[in-house]
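# Let me see the structure of the following:
(one chain, ligands or ions: 1)
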Amino acid sequence: MAAVTLGPEGTYSHRATRAIADAEEIDFRQSVTSIVDAVAGGEYDRGVIPIENSIEGSVTESLDALAEYDVAVVREIVTPIRHALLAQGKGFETIASHSQALAQCRSYLESEYPDVALEAVASTAQGVEFAREDPSVAGIGHPANAENGNALEVLAEDIQDQDSNATRFFAIAPVEDRSTGGGKTTLVAYPNANYPGLLLELLEPFADRDINMTRVESRPSGRRLGDYVFHIDLEAGLYESRTIEAIEEIEGLSEDGWVRRLGSYDTEHVVD
Ligand SMILES: O=C(O)C(=O)C[C@]1(C(=O)O)C=C[C@@H](O)C=C1
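Residues are numbered from 1 along each chain as shown. Below is the predicted model of the structure:
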């Protein structure tokens, strides 16, 4: 199964992708949006994108791409994130990594390297590659990246602010692969309305049917200030009549906008 994820080799997204595709079938892109675009266009059977981190919260580029493109969510992959500081030696002046990783290590960086410049790059593995090429740069990423090519020193391990640090990824697929089977469902709703009680009305159909909502996140629609797209995750499948009925109510509230059912799926925990 041909899959695409955030590169280069060695990103956390790459590690998550190995749960659904063989190593030789995985290609890399430089941004989450280009991954979603490639899957929506049918270039790949699967794409893996980060959605949410336990310390830093949503990966907003991923949410916005899911609202913009028509794709299916076919699996949720949850993995622990344990960051290491990698460099050719101690003489670096810049630490390069993905903005999420820099934020997840904020306390460590403020206490150990208050004067070092932080540089946000396309991915953790990209930062590590810069460190491999340049002794003035250190990278933050998975410790296994130290051994890829010219070995780097592991200057510190487990530098994330919380031991329990974990990220949720979505495995996405072309829309034909949308499934109604699975214990969780993701929706994106754009009511294109703004009146007192709208959010309450969007939540009630689920509460009334005892459906547990595991996440609701609003993102700006980009059309005007105060206008939002809602990303909703449910602990229920689209094969259940209560889920269909609740979504039909949401569709009724969104007559001037739209509701997209991204699909139902199960969760996989990847520990390595
Ligand atoms: O840069 C990587 O290694 C990624 O796979 C991206 C990403 C993210 O966007 O959250 C994935 C997991 C970690 O939370 C840090 C970075």
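# who's in contact with the closest residue to W258 other than its chain neighbours?
Spatially, and ignoring its direct neighbours in sequence, W258 is nearest to Y190 (5.3 Å; C-beta to C-beta, 6 or more residues apart in numbering). To be clear about C-beta, it is placed using only N, CA and C from the backbone, and glycine gets the same treatment. Neighbour list for Y190: 67, 221, 228-230, 254, 257-259 [criterion: C-beta atoms under 8 Å, 6 or more residues apart in numbering].
# Mind checking which of these are buried?
For the contacts of Y190, a neighbour count by 16 or more other C-beta atoms under 10 Å gives the buried set as 67, 221, 228-230, 254, 259.
# So which of the residues you listed are in strands?
Applying DSSP state E to the buried ones among the contacts of Y190, the entries found in strands are 228-230, 259.
# so does whichever strand or helix holds R75 get close to the ligand?
For R75, the host element (DSSP states H and E) is strand 72-80. No. Against the ligand, strand 72-80 shows no contacts by C-beta under 6 Å from any ligand atom, the least distance being 7.9 Å.
# Okay, now the sheet partners of that strand, with direction.
strand 166-173 (antiparallel), strand 258-269 (parallel) (DSSP bridges).
# mean confidence for that strand?
For strand 72-80, mean pLDDT is 98.
# Apart from its neighbours in sequence, what residue is nearest E43?
V4 (7.4 Å).
# what residue ranges in the protein score low on pLDDT?
Of all residues in the chain, none has pLDDT under 70.
# Show me what from this protein comes close to the ligand.
Applying C-beta under 6 Å from any ligand atom, we find that the chain lies next to the ligand at 6, 11-13, 50, 53, 59, 81, 98, 100-101, 123-125, 167.
# So among those residues, which ones count as buried?
For those, buried by 16+ other C-beta under 10 Å: 6, 11-13, 50, 53, 59, 81, 98, 100-101, 123-125, 167.
# Now intersect those with the strands, please.
The strands, defined by DSSP E, take in 6, 50, 53, 167 from those.
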